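J.: from the sequence below, what's the structure:
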Amino acid sequence: MTPALKISNLNKLFANNVHALKNIDLQVESGEFFSILGPNGAGKSTLINIAAQVVKKSSGLVEVFGNNIDDLSQQAKLLLGYTPQEIALDSFFTVKELLINHSGYYGFSNNLEWIDHLLEQLHLSQYKDRNSKDLSGGMKRRLTIAKALIHKPKLLILDEPTAGVDVSLRHSLWKFIRELHESGTTIILTTHYIEEAQMLADRVAIIRDGNIIACENTQKLLDSFGSRRFEINFLKELSLPKTFGSLNYSEDRLSVTGEYHSESAKQLFAWLTDNCEEVKDIRIEPERLEDVFLKLTEKS
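T.: Okay, the predicted model is just below:
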């Protein structure tokens, strides 16, 4: 099957001699939910802006469903929808007028049913006659997603789609994005909410200083680099042996925390089994992609 996005030896050098992307190789399969993570300035927005033909590459190959963006630019654009990080909307039109006009850019003149569906799914129906400049930040964010989907693209690129959105709306957007993916749309997501990537993405790439330093199945990343932390709270103060050196104790020895898979933790649990019945509760956290991200992007 033809990849949704294929990038080979991609470089971007800006005029101020900043090498933003360095020989990037990346392939996103058709039907995949893929996330790109990285610190500020790592190059993730530059990467997707090149794929969306918003920024020109310096060198390399970029294909959208087999269409080289150099030779088959229009075909690639028709297959791709893009929501930029910065919101830019025409303030002279209502929400519905804006979507109707945007449809015309792609040659659609009779898709009111699809527009109404998008408005309903993105909870914008009640605002369809409101001028776009009068919308809240969260509403504008939803409207940019509707614009990106107006031509029913096979690949949707979302750059920080839930930035500045309240918790309730964020969850409704997650639901909508999941449904899009389940319907067959390939999705590429960049986000600073790393739990968002962990929850949604099949595969994750981590970029730092213009280089991809990891690209793997989400669970494999967690298995390889993740850690689980635990906390034990006791009913009364205890005098624990000092042999569990890598663990953290409260001053009054009423609680202890540490990495669940560490040798010290194994020794502590064995000791508690034999010596203590004063445990109040034990909490074990799941592995977090955030911990993996910090480990891989931390600079020495």
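J.: contact partners for the residue nearest to residue 9 when sequence neighbours are not counted?
T.: Of all residues not flanking residue 9 in the chain, residue 60 sits nearest, at 4.6 Å (Cβ to Cβ, 6 or more residues apart in numbering). Every C-beta, even on glycine, is put in place using the N, C-alpha and C of the backbone. Residue 60 makes contact with 7, 8, 9, 10, 11, 23, 24, according to Cβ atoms under 8 Å, 6 or more residues apart in numbering.
J.: let's go with 10 Å and repeat that
T.: Residue 60 makes contact with 7, 8, 9, 10, 11, 12, 21, 23, 24, 25, 50, according to Cβ atoms under 10 Å, 6 or more residues apart in numbering.
J.: likewise for residue 196?
T.: With contact taken as Cβ under 10 Å, 6+ apart, residue 196 is in contact with 35, 37, 160, 161, 162, 170, 173, 174, 177, 189, 289.
J.: taking the residues you listed one by one, which sit in helices?
T.: Counting by DSSP state H, the part of these found in helices is 170, 173, 174, 177, 289.
J.: quick check: pLDDT value at the fourth one.
T.: At residue 177, the pLDDT value in this model is 92.
J.: ditto for residue 195
T.: Model confidence at residue 195, expressed as pLDDT, equals 90.
J.: helix or strand right after the helix or strand where it lies?
T.: Here residue 195 sits within helix 194-200, counting by DSSP states H and E. Sequence order places strand 203-208 as the next helix or strand after helix 194-200, per DSSP H and E.
J.: starting at the chain centroid, how far to that next one?
T.: Taking the mean C-alpha point of strand 203-208 and that of its whole chain, the gap between them comes to 10 Å (Cα atoms, centre = their mean, to the nearest Å).
J.: now it: average pLDDT?
T.: Taken as a whole, strand 203-208 carries a mean pLDDT of 96.
J.: what's in contact with the helix or strand of the chain with the lowest mean pLDDT?
T.: Across the helices and strands of the chain, mean pLDDT, DSSP states H and E gives its lowest value to strand 248-249, namely a mean of 80. Counting by Cβ under 10 Å, 6+ apart, the neighbours of strand 248-249 from elsewhere in the structure are 229, 231, 238, 240, 242, 255, 256, 257, 258.
J.: am I right that the third one falls within a strand?
T.: No: per DSSP: H, G, I helix; E, B strand; the rest coil, residue 238 lies outside any strand segment and is coil.
J.: nearest residue to it in space, please, no chain neighbours.
T.: Nearest non-adjacent residue to residue 238, counting by Cβ to Cβ, 6+ apart: residue 253, 4.9 Å away.
J.: closest one to residue 214 out of the contacts of residue 196, please.
T.: Looking at the contacts of residue 196 and their distance to residue 214, the nearest is residue 37, at 9.0 Å (Cβ to Cβ).
J.: that closest one: neighbouring residues, count only.
T.: By other Cβ atoms under 10 Å, the residues close to residue 37 number 27.
J.: do you know the pLDDT at it?
T.: pLDDT, residue 37: 96.
J.: list the contacts of it.
T.: If a contact means Cβ under 10 Å, 6+ apart, then residue 37 has 44, 189-192, 194, 196-198, 201, 204-208, 214, 289-290, 292-293, 296-297 as its contacts.
J.: beta partners of it?
T.: residue 206 (DSSP bridges).
J.: any idea how far it lies from residue 47?
T.: 12 Å (Cβ to Cβ, to the nearest Å).
J.: same check, this time on residue 24
T.: 7 Å.
J.: residue 133 too?
T.: Summarising the geometry, the distance separating residue 133 from residue 47, computed by Cβ to Cβ, is 31 Å.
J.: format the ones in helices among the contacts of residue 196 as TSV; extra columns: neighbour count.
T.: As requested, those are exported to TSV (neighbours: other Cβ atoms under 10 Å):
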residue	neighbour count
170	18
173	22
174	15
177	21
289	24
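J.: which of those residues lies closest to residue 152?
T.: Among the ones in helices among the contacts of residue 196, and counting by Cβ to Cβ, the member closest to residue 152 is residue 177, at 15.2 Å.
J.: surely that closest one and residue 197 touch.
T.: No: proximity of residue 177 to residue 197 does not meet the contact threshold set by Cβ atoms under 10 Å, at 11.8 Å.
J.: which residues are common contacts for those two?
T.: By Cβ under 10 Å, 6+ apart, the residues touching both residue 177 and residue 197 are 33, 189.
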